[in-house]
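A.B. asks: Attaching a predicted model along with its sequence, questions to come.
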Amino acid sequence: MRIVIKIGTSTLTHATGHLNIRRVEELCKVFSDIKNAGHQVIIVSSGAIGMGIGKLGLQSKPTDIPTKQAAAAVGQCELMYTYDRLFSEYNHNVAQLLITGDDVENPVRHENFSNTLNRLLELDAIPIINENDTVATNEIVIGDNDTLAAIVAQSIQADKLILLSDIDGLYTADPHANPDAVLIPKIQCIDDKVIALAGGSGSNLGTGGMVTKLQAAQICMDCHCDMIITNGNNPSVIYDIMDGKAVGTTFSEK
Ligand code: GLU
């Protein structure tokens, strides 16, 4: 199975922006294991800006573009250093791909990107993709990694996209505000009622929220790729997903 896994900033880092070491170690172990079992793993990782904020000792998420871009430049190094080190322990090679909106909108560049991804998979490497935040400005921004992950899944005909988030899935109401909110295990069609369930933006350091996750789900459903939103706080749920167990919210026409 070819599987794309998107890791949100809140899964990778503590609220301080510093690396959640135990979590990242567990994630890399599980990904290595499912790769050893014969699956292809592609990671879309957020966290560059969050980790840059932590490393530079900034008090909060910057609002100006140059500081965000500077934080991304610092954080992206730490992110890849961490992945490289942890995956090396299991004898897996990682590859960094940083892309912008231009790279998916321009057909030639999009094809180059897909070709590189496919070749990396043939070479048995683990591609780790993020938006190139240091150069992405309004005109060429993809904007959030939920959308980026769905574009990646579409580009390489993935079987599954798993979004690891700080929420268990899509609920009937905002679970932080409403104790009666119930998790919806499966969505077969994204209609107005489903869209109305998505609130605004998510946690403090990341960019996405449920709205961007539903947009990602629509891209996936259009290309017959199943998408699952689940909580990244327990990386072993990936085993359950691979075993076909019901986890989080699955978006699938089937
Ligand atoms: N590219 C951003 C980062 O690495 C994250 C965007 C997102 O979380 O959607 O910090």
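C.D. replies: Right, received. Where do you want to start? Residues are numbered from 1 along each chain as shown.
A.B. asks: how close does the nearest residue to residue 170 once chain neighbours are set aside get to the ligand?
C.D. replies: Nearest non-adjacent residue to residue 170, counting by C-beta to C-beta, 6 or more residues apart in numbering: residue 249, 4.4 Å away. C-beta: built from backbone N, CA, C; applies to glycine. Look at residue 249 and the ligand: by C-beta to the nearest ligand atom, to the nearest Å, they are 18 Å apart.
A.B. asks: who does residue 249 bridge with?
C.D. replies: residue 229 (DSSP bridges).
A.B. asks: which residues touch it?
C.D. replies: 168-170, 183-187, 228-230 (C-beta atoms under 8 Å, 6 or more residues apart in numbering).
A.B. asks: what do you get for residue 6?
C.D. replies: 43-46, 145-146, 148-149, 161-164.
A.B. asks: The same query, at a cut-off of 7 Å, please.
C.D. replies: Contacts for residue 6 were tallied using C-beta atoms under 7 Å, 6 or more residues apart in numbering; they are 44, 145-146, 149, 161, 163-164.
A.B. asks: Distance check, the nearest residue to it once chain neighbours are set aside against residue 100.
C.D. replies: In this structure, residue 6 finds its nearest non-sequential neighbour in residue 149, 3.7 Å apart by C-beta to C-beta, 6+ apart. Separation of residue 149 from residue 100 (C-beta to C-beta, to the nearest Å): 15 Å.
A.B. asks: just residue 191 next, same as before
C.D. replies: Separation of residue 191 from residue 100 (C-beta to C-beta): 32 Å.
A.B. asks: okay, the two: which has more neighbours?
C.D. replies: residue 100 (21 against 9; other C-beta atoms under 10 Å).
A.B. asks: ok, that one to the ligand distance?
C.D. replies: Taking C-beta to the nearest ligand atom as the measure, residue 100 falls 11 Å from the ligand.
A.B. asks: Can you mark which positions in stretch 61-69 are buried?
C.D. replies: Neighbour counts using 16 or more other C-beta atoms under 10 Å place 61-62, 67-69 of stretch 61-69 among the buried residues.
A.B. asks: most neighbours, which of the contacts of residue 249?
C.D. replies: residue 229 (28 neighbours).
A.B. asks: Hmm, residue 213 and that one touching each other?
C.D. replies: Yes - using C-beta atoms under 7 Å, residue 229 makes contact with residue 213 at a distance of 5.6 Å.
A.B. asks: can you point me to the longest helix in the chain?
C.D. replies: helix 65-88 (DSSP state H).
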